[in-house]
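Student: need a 3D model of the following:
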Amino acid sequence: MRVHFQVEPVKGQAFGTIAEQLFDEAVDILGDEGRLMAERIRTKRFGRHTGPGLVGGMLKIRSGESRASMGFRLERSEGKAVLTVGAVFGSPLVQQALRTQEYGRVITPKRAQMLAFPPGDAGAPARAGSPFGGMQILTARMFLNQSRALGYAFVRWTPSAIQARRVGSRDFETIFLRRAGVVIPPRRPVYSEFPRLLQNLERRLNALTPTKPLRTWRPGR
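Tutor: Reported below is the predicted structural model:
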């Protein structure tokens, strides 16, 4: 997920000289605001906590790759400057995960009949503890293959769950939930901060160029 902001001098005799002079200052402003914005996204939208889901609009850190991917890029060419803020350092896999967090997604199984995933309060063996922050470490198939080595005497399937009973116990634990699909709602960790960036940029650029010799817009995201 990325958002863009572009600046270029307005062409024409009325603004020609002043536009070129102010363009350098405008580029500096873009870089300054881009750095501040990337840092704000990293600190305000990605943070470590132990509660489930979101706390104050903050995403839990698991591997830390999404948080580490946040940054900014300032490209200047052919009289234009484009500021990009977001996951500029992310791998394709991280980009896909962030698009899911940003816009939401319906996840359905690719090969299996149903999805299988640990419930939110699951501990070992399906989820790791610290320092992974509850990241899933076993798939359902891996668990089935290793259940006895993990201390389980019996595994059963129900229409809505995969449950297992430990050696010496009569009680079944829900290890995985089974669902036909999962709806992930949009959480907007990046785009929710974009209005602040736009407001700050426009305020600073308007103060720099009250006669409007620079043209600004958002090309896309």
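
Student: give the contact list for the closest residue in space to Phe172 that isn't next to it in sequence.
Tutor: Once flanking residues are discounted, Phe172 sits nearest to Gln163: 4.2 Å by CB to CB, 6 or more residues apart in numbering. Quick note: C-beta positions are derived from backbone N, CA and C, even for glycine. By CB atoms under 8 Å, 6 or more residues apart in numbering, Gln163 lies in contact with 155-157, 172-175.

Student: pairing partners for the helix or strand containing Gln163, with directions?
Tutor: Assigned by DSSP states H and E, Gln163 belongs to strand 161-166. Applying DSSP bridges, strand 161-166 is found paired with strand 152-157 (antiparallel), strand 172-179 (antiparallel).

Student: where exactly do the helices run in the protein?
Tutor: 16-45, 65-69, 92-103, 140-146, 194-208 (DSSP state H).

Student: mean neighbour count and distance to Ile184 for the ones you listed - can I get that in TSV?
Tutor: Listed next are the helices of the chain as TSV, based on neighbours: other CB atoms under 10 Å; distance: least, CB to CB, whole Å:
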stretch	mean neighbour count	distance to Ile184
helix 16-45	17	16
helix 65-69	19	14
helix 92-103	16	6
helix 140-146	15	19
helix 194-208	15	20
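
Student: looking at those helices, which is closest to Gly168?
Tutor: Taking CB to CB, helix 140-146 is the member of those nearest to Gly168, at 18.3 Å.
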